[in-house]
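**Student:** below are the sequence and a predicted model; questions follow.
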Amino acid sequence: MAIKAVKGTRDILAPEIRNWTKYEEMARKLFRRYGFEEIRTPIFEYSEVFSRGIGEDTDIVNKEMYTFTDRKGRSITLRPENTASVVRSYIEHRMDLQARVKRLFYIGPMFRYERPQKGRYRQFYQTGAEVFGSSHPFVDADTIEMVVRLLRDMGLTGLRVDINSVGCRECRPNYRKALQDFLSGHREVLCEDCKRRMDSNPLRVLDCKVPGCKTVVTDAPSIQDYLCEGCQGHQGQVFQFLDTLDVAYSLEPGLVRGLDYYTRTVFEVISEGLGAQNAILGGGRYDNLVKELGGRDVPAFGWALGMDRLMMVLGNRKLYTEEPTFYVLPIGNDLKYAVATVATLKNAGYHAVVLAEANSLKSGLKQINKAGGRFAILAGESEKEKSVLILRDMGNSVQREIPVGDLLKEIENEIAK
Ligand code: AMP
């Protein structure tokens, strides 16, 4: 039996892959304009990076990690997200000494053992940005604006920025307590997971998708009423800077994020066309994580964007322009004339291939049709003798002889038609 791709994984093929690569190109260019450098960390790390970095009582760490023991008995995990790895790298390379503020971005695959469904995979792809070394609210707004701009540049509309604050070490414990008190009055209607979360991680109950839990939390106390002065001030300034940068947002007091490390700002960008899995990206501030992973006390802000979902939202829209491929047919055993023709085309930036395996005009044309090619160029012995080429439009089968020296001029005209 033929072997298939592992459940929850898939091959990304042409033409879909063209949107992926074009998107990556646009993202890299834009992020550089905002002062970000790319970082590529390994796909696997010591498991500790994630268990300490993401938080022991999160779904990711409890249920979703691909963890294995290597040949020396060390526990290794395929990265379920990249922030913890980037922080590990930031600390390891003492990037705090390189610049007061360090801006990094990444693009790559992540791995989570989740139940596969539409838009949710076990190997999926994220783009992320992280800023280290500034607790200034402008950084929050600027880094949000950067990704909103990227999405707009891609032509997306119907986007919404939901934002909230999850407080800090000073004020969150008071809210946590108030929420726990509230939830304990509704314990019996909460799902099994939330009964457990209530004690260990009550903010996660706000995030639960089970209808019963969702109903309960509509009356829960709001974290907005518990923020300390510092967190309130920070949030107010983030809003002002978002206004200055012309980013529309809405305050969602029920928004919390699945990961433990957030402090103050959390946000998501929602695509209104996406249904249940509607967040394209999410992130926030994480002022304690660098220290918790063994570094200095360095504040940080970041987000991660789900590329699989982004591509779903894009649907059939093309980010790239379609460029025709010119198929050059040697007709006969001597490939030299065809090879020279293809070289001329490639040097001028066109896409061109020699159909070396086509052993007749008929089989060559059939091959081109199958590939959906628009143009054939016949470059056989008799054409070579006359220093001409035959340019054939596959759409209407009309062909004409052109002087070899006019090739580039002629195909420019054809493409413009
Ligand atoms: P998170 O790292 O959980 O905050 O997720 C950030 C973004 O990654 C989400 O908003 C999703 O768009 C995307 N994402 C998370 N998990 C998956 C998955 N299993 N499959 C596809 N995309 C995902």
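**Tutor:** Happy to help now that I have it.

**Student:** list the residues that contact the residue of the stretch 101-250 of the chain found nearest the ligand.
**Tutor:** Among the residues of the stretch 101-250 of the chain, F124 lies nearest to the ligand; the distance is 3.4 Å by CB to the nearest ligand atom. Where C-beta positions appear, they are placed from N, C-alpha and C, glycine not excepted. Applying CB atoms under 8 Å, 6 or more residues apart in numbering to F124 gives the contacts 109-110, 112, 306-308.

**Student:** can you name the two of those residues that sit furthest apart?
**Tutor:** Distance extremes for the contacts of F124: the farthest pair is R112 and M307 at 14.2 Å, using CB to CB.

**Student:** ok, those two, which is more surrounded?
**Tutor:** The residue with the greater number of neighbours, taking R112 and M307 and applying other CB atoms under 10 Å, is M307; the counts read 24 against 20.

**Student:** out of the contacts of F124, which sit inside strands?
**Tutor:** Secondary structure from DSSP state E places 109-110, 306 of these in strands.

**Student:** what about the closest residue to the ligand within the chain, neighbour count?
**Tutor:** Using CB to the nearest ligand atom, the single residue of the chain nearest to the ligand is G306, 2.1 Å away. G306 has 23 neighbouring residues, counting by other CB under 10 Å.

**Student:** for I163, grab phi and psi.
**Tutor:** Dihedral pair for I163: phi -140, psi 150, per degrees, to the nearest 10.

**Student:** scratch that, E37
**Tutor:** Its backbone dihedrals place E37 at phi -110, psi 150, with angles given as degrees, to the nearest 10.

**Student:** again, but for N62
**Tutor:** Backbone geometry at N62, expressed as degrees, to the nearest 10, gives phi -70, psi -40.

**Student:** just give the nearest non-adjacent residue to it, would you?
**Tutor:** Distance criterion CB to CB, 6 or more residues apart in numbering; nearest residue to N62, sequence neighbours excluded, is E56 at 7.8 Å.

**Student:** now do the one you found, the pLDDT please.
**Tutor:** The per-residue pLDDT reported for E56 equals 73.

**Student:** and it, that's in a strand?
**Tutor:** No - under DSSP: H, G, I helix; E, B strand; the rest coil, E56 sits outside any strand and is assigned coil.

**Student:** can you list the ones in strands among the contacts of F124 in CSV and add pLDDT?
**Tutor:** Below are those laid out as CSV (pLDDT from 0 to 100):
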residue, pLDDT
P109, 98
M110, 98
G306, 96
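
**Student:** which one among those residues gets closest to D260?
**Tutor:** Within these, the smallest distance to D260 is 17.4 Å, found for M110 (CB to CB).

**Student:** the helix or strand in which V313 is found: how far from the chain's middle?
**Tutor:** Element membership of V313, judged by DSSP states H and E, is helix 307-314. Relative to its parent chain, helix 307-314 has a centroid offset of 8 Å by CA atoms, centre = their mean, to the nearest Å.

**Student:** can I get the CA coordinates of that helix in PDB?
**Tutor:** The C-alpha atoms that make up helix 307-314 are tabulated as PDB, following Å, rounded to 0.1, in the frame of the first residue of the first chain:
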ATOM      1  CA  MET A 307      -0.200  31.100   8.100                       C
ATOM      2  CA  ASP A 308      -2.500  28.100   7.300                       C
ATOM      3  CA  ARG A 309      -5.500  30.200   8.400                       C
ATOM      4  CA  LEU A 310      -4.200  33.300   6.600                       C
ATOM      5  CA  MET A 311      -4.000  31.300   3.400                       C
ATOM      6  CA  MET A 312      -7.600  30.000   4.000                       C
ATOM      7  CA  VAL A 313      -8.800  33.600   4.400                       C
ATOM      8  CA  LEU A 314      -7.000  34.500   1.100                       C
END
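
**Student:** which is the next helix or strand following that helix?
**Tutor:** strand 325-329.
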